[in-house]
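**Student:** structure for this input, please:
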Amino acid sequence: MSQSTHTLQKEVLGTDESLHLLEEMVLIRQFEQTAYLRYLQGEIPGTLHQSQGQEAVAVGVCSLLRTEDWITSTHRPHGHALAKGLDPAAGMAEIYGRETGCLGGRGGSMHLGDPALGILPSIAIVGGGITIAPGLAHALKYKETDNVVVCFFGDGAVNEGAFHEGVNYAAAFNLPVIFVCENNMYGASTPFHETTRNINVASRGEAYGIPSEQADGMDVRAVREATQRALETARSGKGPVLLEFLTYRYVGHSRGDARGYRTKDEEAIWAAKDPIKTFGAALVEEGTASEEQVKEATARAKKRIAEALKHAQQAPWPDPVTALAPNIIFGNPPQEVEGAGPLEEGSEEERYISIADSIRETLHSELGTDPNLVLLGEDVGVPGGFGGAFGVYQGLAEEYGRHRVIDTPISEKAIMGAAIGAAIGGLRTVPDLQYADFVFEAMDELVNEAAKQRYMSNGKLTIPTVLRCPVGASQRGAQHAQCPESFFMHVPGIKVLCISDPYTAKGALTAAIRDDDPVLVFEHKLLYGAKKRQEAGSINTRAYVPEENFALPVGQARVRRRGKDATIVATFTELYKALELAEKLSAEGIELEVIDPVWLSPFDWTTVMESVRRTGRLVIAHEAHLTGGWGAEVSARISDELFADLKAPVRRVASRDIPMPFSPPLEAAVLPLAEHIEAAVRDVLSTDHTRSGKE
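**Tutor:** Residues are numbered from 1 along each chain as shown. Now for the predicted structure:
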């Protein structure tokens, strides 16, 4: 479909509605001008990004939306939020950082929002909302509503990969998203035409097969006309629309921007198009309203902002204690749990299954139990297809339909963004990126959105999404062999699960899917599918798994073997090497306690510390790289808190700090081997520190 142009007569509005639009535009400008002056006087902390001149876009678009419609905004969100219905007092208190702010002071100027009004806490990452909006729209469509999502972004965002991935995703699934580009011709201080050959943003809609339109963003009625056409398309099930509004920002990018890169002539041309002045004058000229009515509307807006300012200045600061409240970081705050013991044993041989089978059973059961659960990813649902990179999803699409087992574009940012948006919109989502290595393509969505939106929203949002991540070396080379789970242990707001056996796979994955928070599930490729319960010379991964689904406590470690002489904490393949070593050393009268942490976040410190207090010795083994691996944090915490109990320094066994090579002998030279774990254990057993006051 090609770009649309319209020369229709301007929308005819009544007096009351026209004055309301004028008042809303004045409200936005007065809010920002007042905030800026108070910011200069040091009353407002942080930073402030204004949008004076762009009021017609915010008001023109949002004046046609319902409360049930959603908007996503940018680091310049004041106008969008106020136009969508945010109380100016709550908005002003938020940028003041006060307790009565719309997000309790957790968002600030760049993160205004109120989910109850359909305002997602605004996203300060350029283009960040463009991948989230399709997910929100997916939830609206899945629930069979005719509500829409409006995604605001600037001209600079169209050069982000998120623009291509998000718009293409929305187009591919015919989702009710209106992508609104506020083209003010500058990305910070850089002219748009210097970074983009095709400056006609609306023309890009044709590449995605969606309708698009360019309109005058300085004319509130022109904005409304274009938006009304877009809403008719989106609400009627015809899919997304791209709107480009040509507008101008009268102020600099931020406080320190003196706009020296602009000419006076350019600024004068756009000043003559001021959306507030020209609309007010037009109302008088056309006879829609009198000069007195225009003045009254302006005065009402200014009075509302004066009251909002007074409220913010007098509002209390939030209690610092609430900054650490776990119920705001997580929808299901971590509870203190005790580590579980060895795996369950069963009598039916056929119930000894592999990790892959256990995961498939779990997904099958949860899909049957929860109609709001959807799976999405690459090659997960094609009839006769792969069933995912490791065949885990085979048969699920045939059973539950491709509207619930959804094949997506090869588009990691869009997959993760859509999963997050749909989760915010009320679904439970299980996205799949095939390999954990590809998670870095979606780091913005995971780290800046999934991990932070609940906290920034002051606990008003939950994000129940579970990303499965196959990890580990398996002769696939450096870009298909990483163990990045340690990265995410560092990110508050994300839960991290490591699956090493079928029983835990079912219980912990069930718990993750039913959890209200984002969970990353890491699974080692080499542990998926052993064919026998026992294999000569090794402890196999197959284990007894009950047929019905069950949920293990989130944050619970498993004590896989009891012992008194030393503790080994290990995951994945290293866990089985540790168990084999424990069997070997038992013949020598040495009893090792082997713990599978299962959850890296929340980590079961209680179980690990209790064990180390008894044994006095700790070895940590994982395939992740040594430097910065999760074992470093465990070692630091144990050494810090149990220094007096340790009889020997904590030892870590991990992969060398080298990208994983392909050739088997080269790979083996980088990986931690069984003999490395044994050497570390024998080393700590041979050491017995004597300290003052301790025998």
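**Student:** okay, CA-based contacts and neighbour counts for the rest of this
**Tutor:** Will do.
**Student:** and the strands in the stretch 401-550 of the chain?
**Tutor:** Across the stretch 401-550 of the chain, reading from the start of the chain, the strands by DSSP state E, counting those that start in this stretch fall at 405-407, 428-432, 466-471, 495-499, 519-524, 543-544.
**Student:** nearest to residue 667, out of these?
**Tutor:** In this view, the strands of the stretch 401-550 of the chain are compared for proximity to residue 667 by C-alpha to C-alpha, and strand 466-471 is the closest at 14.7 Å.
**Student:** what's the angle from that closest one to strand 495-499?
**Tutor:** Per axes from the mean of the first three to the mean of the last three C-alpha atoms, to 10 degrees, the angle that strand 466-471 makes with strand 495-499 is 50 degrees.
**Student:** in PDB, could you pull the C-alpha coordinates for strand 466-471?
**Tutor:** Listed next in PDB are the C-alpha coordinates belonging to strand 466-471 (Å, rounded to 0.1, in the frame of the first residue of the first chain):
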ATOM      1  CA  VAL A 466       9.500 -16.900  30.400                       C
ATOM      2  CA  LEU A 467      12.400 -16.800  27.900                       C
ATOM      3  CA  ARG A 468      14.000 -20.200  27.300                       C
ATOM      4  CA  CYS A 469      17.700 -20.100  26.500                       C
ATOM      5  CA  PRO A 470      19.700 -23.200  25.400                       C
ATOM      6  CA  VAL A 471      23.300 -22.700  26.400                       C
END
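**Student:** distance from the chain centre to that strand, please.
**Tutor:** When C-alpha coordinates are averaged (C-alpha atoms, centre = their mean, to the nearest Å), strand 466-471 and its chain have centres 15 Å apart.
**Student:** check stretch 486-504 too.
**Tutor:** Averaging C-alpha positions (C-alpha atoms, centre = their mean) puts stretch 486-504 16 Å from its chain's average.
**Student:** from residue 423, how far off is residue 106?
**Tutor:** Computed with C-alpha to C-alpha, to the nearest Å, the distance linking residue 106 and residue 423 is 21 Å.
**Student:** more neighbours: these two, which one.
**Tutor:** Under the criterion of other C-alpha atoms under 10 Å, the comparison of residue 106 against residue 423 puts residue 423 first, with 31 against 22.
**Student:** so the more buried one sits right up against residue 466, yeah?
**Tutor:** No. With contact defined as C-alpha atoms under 8 Å, residue 423 and residue 466 do not form a contacting pair (9.9 Å).
**Student:** so what sits against both of the two?
**Tutor:** Residues touching both residue 423 and residue 466 by C-alpha atoms under 8 Å, 6 or more residues apart in numbering: residue 429.
**Student:** what about residue 547, neighbour count?
**Tutor:** Using other C-alpha under 10 Å, the number of residues around residue 547 comes to 12.
**Student:** let me know the pLDDT of it.
**Tutor:** At residue 547, the pLDDT value in this model is 89.
**Student:** ignoring the adjacent residues along the chain, who's closest to it?
**Tutor:** What sits nearest to residue 547 in space, not counting adjacent residues and going by C-alpha to C-alpha, 6 or more residues apart in numbering, is residue 351, at 7.4 Å.
**Student:** and that neighbour, how far from residue 529?
**Tutor:** When C-alpha to C-alpha is the yardstick, residue 351 and residue 529 sit 14 Å from each other.
**Student:** what does residue 275 give?
**Tutor:** From residue 275 over to residue 529 (counting by C-alpha to C-alpha), the distance is 64 Å.
**Student:** mean confidence for the strand or helix carrying residue 38?
**Tutor:** Taking DSSP states H and E as the criterion, residue 38 maps to helix 15-40. Here the mean pLDDT over helix 15-40 is 96, rounded to a whole number.
**Student:** stretch 314-332 now?
**Tutor:** In this model, stretch 314-332 carries a mean pLDDT of 90.
**Student:** same question, stretch 634-645
**Tutor:** 97.
**Student:** buried set for it?
**Tutor:** With burial defined by 16 or more other C-alpha atoms under 10 Å, the residues of stretch 634-645 counted as buried are 634-635, 638-639, 644-645.
**Student:** what's the domain layout of the chain?
**Tutor:** The record's domain split for the chain, according to automatic domain parsing, is 15-251+271-315, 349-544, 561-685.
**Student:** show me the helices in the stretch 401-550 of the chain, by range?
**Tutor:** Secondary structure of the stretch 401-550 of the chain, counting by DSSP state H, counting those that start in this stretch: helices at 412-424, 443, 453-456, 485-489, 502-514.
**Student:** circling back: pick out the shakiest of the domains of the chain, pLDDT-wise.
**Tutor:** Set side by side, the domains of the chain give their lowest mean pLDDT on domain 349-544, at a mean of 90.
**Student:** residue closest to the middle of the chain?
**Tutor:** In the chain, the centroid-proximal residue (C-alpha atoms, centre = their mean) is residue 450; its distance is 2.2 Å.
**Student:** contacts only, for that one.
**Tutor:** Shown here is residue 450, whose contacts under the criterion C-alpha under 8 Å, 6+ apart are 420, 463, 493-494, 518.
**Student:** out of those, who's nearest residue 584?
**Tutor:** When those are compared for distance to residue 584 (C-alpha to C-alpha), residue 494 comes out closest, at 37.5 Å.
**Student:** quick check: that closest one vs residue 447, distance?
**Tutor:** Distance of residue 494 to residue 447, given as C-alpha to C-alpha: 8 Å.
**Student:** quick one: which of these two has more around it?
**Tutor:** Taking other C-alpha under 10 Å, residue 494 and residue 447 do not tie; residue 494 has more neighbours (23 against 17).
**Student:** contact partners for the more buried one?
**Tutor:** Residues counted as contacts of residue 494 (C-alpha under 8 Å, 6+ apart) are 450-451, 488, 517-520, 601.
**Student:** let's see 6 Å
**Tutor:** Taking C-alpha atoms under 6 Å, 6 or more residues apart in numbering as the criterion, residue 494 is in contact with 451, 518-519.
**Student:** which one among these gets closest to residue 266?
**Tutor:** Ranked by distance to residue 266 (C-alpha to C-alpha), those are led by residue 451 at 41.9 Å.
**Student:** without its sequence neighbours, what residue ends up closest to that closest one?
**Tutor:** residue 493 (4.3 Å).
**Student:** the one you found is in contact with residue 448, isn't it?
**Tutor:** No. Between residue 493 and residue 448 no contact is recorded; they are 10.0 Å apart, counting by C-alpha atoms under 6 Å.
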